[in-house]
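Visitor: Below are the sequence and a predicted model; questions follow.
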Amino acid sequence: MLKIPQQLKEKLVKELKFIATSMAAEADLSKKIYFYSGVFGALERVMRYHLDKELLIAHALTSISYTTINDRLNHLKMGDTVVPMPQNVMDQLTESISELRQAIQEDRETYPVLEKIAEITYSTTGPGFYTQSFLAYAQAHQGGQEE
């Protein structure tokens, strides 16, 4: 659990609620990812006043997540559709932000939701898409003979 002063915690919880609400209300993927960028920004602002290791990990992970997913969106905009955007990825991120907010508000560890964000992010990458495709293939051919 984050060990930050109550006043900073309240501001962070309020901002995460705004981000999740804004993402949920927005239909455009580019605007959703724009609001998602607010997560690591909010975390960084809190770190400037109180450094906490769990907060640092949350900031690093959400920053990487934003960069990775935004890169995938930009590739799709340019017509590179080899690696598709997984269905409901933004809905999953929005839900994760709400879970992160709730964990912070209730003084619980944030690591379980951060793991979820990492998994969602990985699913938007080439290796993530390949792994999911391979595992689906392996499951469909489970019990069959090798070719």
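Guide: Looks like it came in fine. Numbering: from 1, shown residues only.
Visitor: if I pick Val13, what's in contact with it?
Guide: By CB atoms under 8 Å, 6 or more residues apart in numbering, Val13 lies in contact with 101, 104-105. For the C-beta atoms, the positions are set from N, CA and C on the backbone; glycine is no exception.
Visitor: what's in contact with stretch 121-138?
Guide: Residues outside stretch 121-138 that contact it (CB under 8 Å, 6+ apart): 64-65, 68-69, 72, 82-86, 89.
Visitor: Now the buried members of those.
Guide: Burial by neighbour count, judged by 16 or more other CB atoms under 10 Å, picks out 65, 68-69, 72, 83, 85, 89 from the contacts of stretch 121-138.
Visitor: Dump those into JSON lines; add distance to Tyr137, pLDDT and secondary structure as well.
Guide: Listed next are those as JSON lines, based on distance: CB to CB, whole Å; pLDDT from 0 to 100; DSSP: H, G, I helix; E, B strand; the rest coil:
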{"residue": "Ser65", "distance to Tyr137": "27", "pLDDT": "98", "secondary structure": "helix"}
{"residue": "Thr68", "distance to Tyr137": "24", "pLDDT": "98", "secondary structure": "helix"}
{"residue": "Ile69", "distance to Tyr137": "25", "pLDDT": "97", "secondary structure": "helix"}
{"residue": "Arg72", "distance to Tyr137": "22", "pLDDT": "96", "secondary structure": "helix"}
{"residue": "Val83", "distance to Tyr137": "16", "pLDDT": "95", "secondary structure": "coil"}
{"residue": "Met85", "distance to Tyr137": "20", "pLDDT": "93", "secondary structure": "coil"}
{"residue": "Val89", "distance to Tyr137": "21", "pLDDT": "95", "secondary structure": "helix"}
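Visitor: out of those, what pair is the most spread apart?
Guide: Using CB to CB, the buried ones among the contacts of stretch 121-138 span at most 16.0 Å, a distance reached by Ser65 and Val83.
Visitor: Can you verify my assumption that Ile69 contacts Gln92?
Guide: No - the pair Ile69 / Gln92 is not scored as a contact, 10.8 Å apart, by CB atoms under 8 Å.
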